[in-house]
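1. Here's a sequence, model it:
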Amino acid sequence: MTDAAVDDAELAADTDLLADTDTDPDEDEDTAEEPDTGPLDELLDEIYLGQERISQADIYRRAVAAELPAALLTRIAALPQGEYAVDEAADLLGGSAV
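-> Presented below is the predicted three-dimensional model:
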């Protein structure tokens with residue numbers, strides 16, 4: 001066998017190995033589940049009742065008191081300090097409360 005034929009055979013074998021280990025393309029996407037935003041939506045509905053804007057610190061304090069999941073608390077903590085209307089907070093936090 002010539003060197004070119006050996007290289008071609010090795011390349012074909014390597015390609016077969018890659019094909020055997022190829023995963024479903026849908027599995028390559030981020031597999032981390034998004035947290036359930038239902039509790040966040042309920043919290044925002046509750047704290048914005050009669051309020052136009054609420055500070056990030058107040059949202060965070062109320063979220064801790066409501067025992068929201070850690071993933072949602074992390075999102076709230078990552079908000080820049082300031083005041084937010086309910087639609088702004090929902091958009092930034094991934095909720096749907098309005």
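
2. Least confident secondary structure element in this protein?
-> helix 3-21 (a mean of 57; mean pLDDT, DSSP states H and E).

3. so after that one, what's the next helix or strand?
-> Using DSSP states H and E, the helix or strand that follows helix 3-21 towards the C-terminus is helix 38-47.

4. what comes up buried for that next one?
-> Across helix 38-47, burial judged by 16 or more other CB atoms under 10 Å covers Pro39, Leu40, Asp41, Leu43, Leu44, Ile47. The C-beta positions use only the backbone N, C-alpha and C, and glycine is treated the same way.

5. do you know how far the second one is from Leu72?
-> Read it as Leu40. 5 Å (CB to CB, to the nearest Å).

6. Overlap of the contact sets of these two?
-> Counting by CB atoms under 8 Å, 6 or more residues apart in numbering, the shared contacts of Leu40 and Leu72 are Ala63, Leu93.

7. Could you measure from Thr37 over to Gly50?
-> 22 Å.

8. Neighbour count: the two, which is higher?
-> The residue with more neighbours, out of Thr37 and Gly50, is Thr37; 21 against 5, by other CB atoms under 10 Å.

9. So for the more buried one, what's the nearest residue that isn't a sequence neighbour?
-> In this structure, Thr37 finds its nearest non-sequential neighbour in Gly95, 4.6 Å apart by CB to CB, 6 or more residues apart in numbering.
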